[in-house]
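Enquirer: What follows is a predicted structure for the sequence shown.
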Amino acid sequence: MNFCELRDDLTEYLNVHQLEKKWQKVKMLYEENTSHPSLNVELLEPKWLGIFSLRLDLKYRALFFIREDNTAEVISFTNHYKK
């Protein structure tokens with residue numbers, strides 16, 4: 001399953017937080033194997049929304065959903081431990 005092209009604001013977030021290389025690695029792993037163990041893909045609550053999370057590293061996550069054309073679209077990158 002492939003990811004859609006990122007929106008400009010998401011690309012900027014990756015640049016500001018120096019996560020471009022991590023994103024490219026995670027994207028490649030996901031597109032090869034959506035169940036790759038290092039990605040820690042999980043369906044978030046409430047499950048009926050269909051929003052998934054995957055790990056960029058110990059601190060950052062990507063939130064995404066699966067579109068009708070069976071591609072994944074990132075809606076946000078988040079700092080997992082930010083309070």
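Expert: Perfect, I can see it now. All values reported here derive from a predicted model rather than from experimental measurement. Residues are numbered from 1 along each chain as shown.
Enquirer: for residue 54, helix, strand, or coil?
Expert: strand (DSSP: H, G, I helix; E, B strand; the rest coil).
Enquirer: how about it, what does it touch?
Expert: 26, 30, 39-42, 61-62, 64 (C-beta atoms under 8 Å, 6 or more residues apart in numbering). The C-beta positions use only the backbone N, C-alpha and C, and glycine is treated the same way.
Enquirer: now, which of these lie within strands?
Expert: 42, 61-62, 64 (DSSP state E).
Enquirer: can you map out the strands along this protein?
Expert: Counting by DSSP E, the strands of the chain are 42-43, 51-55, 60-66, 72-79.
Enquirer: which residues are in contact with the shortest one?
Expert: Strand 42-43 is contacted by residues 50-54 when judged by C-beta under 8 Å, 6+ apart.
Enquirer: repeat that for 6 Å
Expert: With contacts defined as C-beta atoms under 6 Å, 6 or more residues apart in numbering, strand 42-43 is touched by 52-53.
Enquirer: How about the third one?
Expert: With contact meaning C-beta under 6 Å, 6+ apart, strand 60-66 is reached by 50-56, 72-78, 80.
Enquirer: Can you list the strands that it pairs with?
Expert: Paired neighbours of strand 60-66 in the sheet (DSSP bridges): strand 51-55 (antiparallel), strand 72-79 (antiparallel).
Enquirer: mind checking pLDDT for the spatially most central residue of the chain?
Expert: Nearest residue to the geometric centre of the chain (C-alpha atoms, centre = their mean): residue 62, 2.9 Å. What the model reports as pLDDT for residue 62 is 97.
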